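Chemist: I'll drop the sequence and a predicted model, then ask my questions.
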Amino acid sequence: MTKVGIKKSTGIAALLCTFAAPQASALSLEELAKRLDALEAQNKHLMTENSQLREAVALTNDKVEAAVSATETIVESTSGIQKLANFADKTSIGGYGELHYNNLSGKGGAKDKDEIDFHRFVLFFGHEFTDDIRFFSELELEHSLSGDGKEGEVELEQAYIDFDLNEQHTARAGLFLLPVGIINETHEPPTFYGTERNPIEKNIIPATWWAAGAGAHGELGAGFSYDAYIHSGLNVGDDFKIRNGRQKVSKAKANDPAATARIKYTGIPGLELAVSAQHQQNMGQGLVAGLDSGNLIETHAIWSTGPFKLKALYAAWDIDGSAVKAAGADQQKGFYVEPSYRLSDKFGVFARFNQWDNKAGSNSGAAKDSEKEQVDFGVNYWPHEDVVIKADYQYQNNDDGKDQNGLNIGLGYQF
Amino acid sequence: MKKVLLFSAVFFFQTAIASGVYQTPEAFLEKTFSNKLPPVSTIWLDKEKKQAISGFLQHSPTFIRVKYWQQGSKTAWILHEVGKSKPITVGIVIEKGKIQQLKVLTFRESRGWEVKHDFFTQQFDNISLNEELQLSSSIDGISGATLSVRALKKMARVALYLEQQL
């Protein structure tokens, strides 16, 4: 079989030759050479063209690179004019604001509150002198109108200079927010729940609380950070109300300074633990008889995991002096607990239980029935990450029976 | 007294590289590709990509192309985004659609220093984009550092999205 196979294939090859031979002979060698020459010429031409194209592409790439770099530089500097660009690069502007509507009904002798108020309009200005020296300021217009007999105030809440000593430590001097509580330093409306700020950080801490002084802040490693400042003190009057003792660094009495220190742990994502301590050398700047030194302790925890967040804060004053003791205002304290749940990027719901007492040192006379309780619950809606609309209901259960209950609606923004 | 001075000197004047820079992009890339740096590639933002990225950033991008480095299925990206007022620079390494590493290279904001540490950025490990182009798992924030955390999440989404487009 094999022998036959070979014979067959030889036969086919021979046949093919006989058919192919006449075709091959149809093209003369001369013609073939001509065609080859033509091909060679064409090839040469293509090669030249190709190398020209390569050069052109490379040039275009360079041009694109240069054009894009130039465009990006212009875009990044926010202006084509270099002088302006340098300024914009070193100077930052920001701000936030909030409009509040309160519809509260009073009972037990408490007043009704039906009010619409542009509570805060704030502008930030910052400037970077060098990589290591920065200025930051916050100018606020409260209640939209200020002047004699007007409801509002124009306030300089921050104006300080930070000097970086190294990567971990920064010295600060000027007028700054004290490192106490959650809201005092971070109070842009889209960052917290509830139209109005919580009553503990309003009446005990008292946010927004700033002073003039100097100190340092920085990192200690392992998730710990610190703040430590010597600064102007409170000037509480003979009503012993902490909030009214804020001097706002406006020709403030500076007979007796104060000191504040904080240790904060944020070494696990989602967790913040902090303790602040403050010593006031004289709560009334030596101007109120029977009112001496005071100490404030504040501690808080924030735990967030996924959409769930829990905030808890406790703050307490311990004040020396015979008069303040007699009024029961030697102890002033309060706490709140606030669970919240983020339903989506745009919606979040919260509830908050607050309890505080500005006359917790005694239970008789004017200090009797001084404990206050408030429950808040509501919703935040963020149409944009920097814009928030808030609606919440507040329910009070104060020992003196004077309660304000009702609805708060707010609009806030930051940029 | 001498001891106090010495202590202060050590405490405050430790040597450090340029303020706010934790790793240069070059060092990050060299480490990522074990000193065998592949050539740089460029991805251009066409209309569709620009629109998607504007959605992630909540503002239009200031760039019209992004440079990246690729070796096999591994890509590295260097991106910038402003937190509160200063740009934060991150290096992101992606392998097979998942973040292998996210590292803060430059951070100059006055708040939110936590985000530059590994204990925070480790949360991005193995994260990918889901069908809605959101990060596949949630990132626990740092209170008081909302804007810095937000900037990092935005950059992670941009890098993962662009890697999908290659």
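Modeler: Cool, got the structure.
Chemist: Let me see the backbone angles for residue 27.
Modeler: Reading this off chain A. phi -100, psi 120 (degrees, to the nearest 10).
Chemist: my question was about chain B
Modeler: phi -60, psi -40.
Chemist: how far away is it from chain A?
Modeler: Counting by Cβ to the nearest Cβ, to the nearest Å, the gap from B:Ala27 to chain A is 16 Å. For glycine as for every other residue, the C-beta is placed from the backbone atoms N, C-alpha and C.
Chemist: can you check B:Leu57 too?
Modeler: 11 Å.
Chemist: what's the nearest residue to that residue once chain neighbours are set aside in contact with, if anything?
Modeler: The shortest distance from B:Leu57 to any non-neighbouring residue, by Cβ to Cβ, 6 or more residues apart in numbering or on different chains, is to B:Lys154 (5.3 Å). B:Lys154 makes contacts with B:Phe56, B:Leu57, B:Gln58, B:Glu81, as judged by Cβ atoms under 8 Å, 6 or more residues apart in numbering or on different chains.
Chemist: before we move on, what about B:Ile78?
Modeler: Contacts of B:Ile78 by Cβ under 8 Å, 6+ apart are B:Pro25, B:Phe28, B:Leu29, B:Lys67, B:Thr89, B:Val90, B:Gly91, B:Ile92, B:Leu105.
Chemist: Can you lay out those residues as TSV showing distance to A:Thr299 and neighbour count?
Modeler: Formatted as TSV, the contacts of B:Ile78 follow (distance: Cβ to Cβ, whole Å; neighbours: other Cβ atoms under 10 Å in any protein chain shown):
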residue	distance to A:Thr299	neighbour count
B:Pro25	41	16
B:Phe28	39	21
B:Leu29	44	19
B:Lys67	47	14
B:Thr89	35	22
B:Val90	33	27
B:Gly91	37	24
B:Ile92	37	27
B:Leu105	35	20
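Chemist: Sort out which of the residues you listed are in strands and list them.
Modeler: B:Lys67, B:Thr89, B:Val90, B:Gly91, B:Ile92, B:Leu105 (DSSP state E).
Chemist: How about the residues of the stretch 301-415 of chain A by chain B?
Modeler: A:Ile302, A:Ser304, A:Thr305, A:Gly306, A:Pro307, A:His384, A:Glu385 (Cβ under 8 Å from any Cβ of the partner chain).
Chemist: my bad, should have said chain A
Modeler: Counting by Cβ under 8 Å from any Cβ, chain A comes close to chain B at A:68, A:71-72, A:75-76, A:92, A:94, A:126, A:131-132, A:134, A:136, A:162, A:164-169, A:182, A:185-186, A:191, A:219, A:223, A:225, A:266-270, A:272, A:302, A:304-307, A:384-385.
Chemist: of those residues, buried ones?
Modeler: Neighbour counting with 16 or more other Cβ atoms under 10 Å in any protein chain shown marks A:92, A:126, A:134, A:136, A:162, A:164-165, A:167-169, A:182, A:185, A:191, A:219, A:223, A:225, A:266-267, A:269-270, A:272, A:302, A:304 as buried within the residues of chain A next to chain B.
Chemist: Inside strands: which ones of those residues?
Modeler: In this view, those that belong to strands under DSSP E are A:Ser92, A:Gly126, A:Arg134, A:Phe136, A:Asp162, A:Asp164, A:His169, A:Glu219, A:Ser225, A:Glu272, A:Ile302, A:Ser304.
Chemist: out of these, who's nearest chain B?
Modeler: Chain B lies nearest to A:Ser92 out of these, by Cβ to the nearest Cβ, at 3.8 Å.
Chemist: buried set for stretch B:46-59?
Modeler: Those buried within stretch B:46-59 under the rule 16+ other Cβ under 10 Å are B:Lys49, B:Ala52, B:Ile53, B:Phe56, B:Leu57.
Chemist: Just the CA atoms of it, as CSV, please.
Modeler: The C-alpha trace of stretch B:46-59 is given here as CSV (Å, rounded to 0.1, in the frame of the first residue of the first chain):
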residue,chain,number,x,y,z
ASP,B,46,-13.2,61.9,26.8
LYS,B,47,-16.7,63.3,27.3
GLU,B,48,-18.0,60.2,29.0
LYS,B,49,-15.0,59.8,31.4
LYS,B,50,-15.1,63.4,32.3
GLN,B,51,-18.8,63.1,33.1
ALA,B,52,-18.2,60.1,35.3
ILE,B,53,-15.3,61.7,37.1
SER,B,54,-17.2,64.9,37.7
GLY,B,55,-19.8,62.7,39.4
PHE,B,56,-17.2,61.2,41.7
LEU,B,57,-15.5,64.5,42.5
GLN,B,58,-18.8,66.5,42.7
HIS,B,59,-17.0,69.1,40.6
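Chemist: Report the beta-bridge partners for A:Val122.
Modeler: A:Val122 has the following beta-bridge partners by DSSP bridges: A:Tyr96, A:Glu140.
Chemist: I'd assumed A:Tyr96 was in contact with it.
Modeler: Yes. With contact defined as Cβ atoms under 8 Å, A:Val122 counts as touching A:Tyr96 (5.2 Å).
Chemist: and for the two, which residues touch both?
Modeler: Contact criterion Cβ under 8 Å, 6+ apart; no residue bridges A:Val122 and A:Tyr96 by contacting each.
Chemist: Model confidence score at the residue in chain B that chain A sits nearest to, please.
Modeler: Across chain B, the shortest distance to chain A (Cβ to the nearest Cβ) belongs to B:Asp140, at 3.2 Å. On pLDDT, B:Asp140 comes in at 87.
Chemist: Can you say which helix or strand has the nearest residue to A:Val249 once chain neighbours are set aside in it?
Modeler: Using Cβ to Cβ, 6+ apart and skipping residues adjacent in sequence, the residue nearest A:Val249 is A:Ala212, 4.6 Å away. Following DSSP states H and E, one finds A:Ala212 within strand A:210-221.
Chemist: how many neighbours does A:Glu65 have?
Modeler: By other Cβ atoms under 10 Å in any protein chain shown, 12 other residues sit near A:Glu65.
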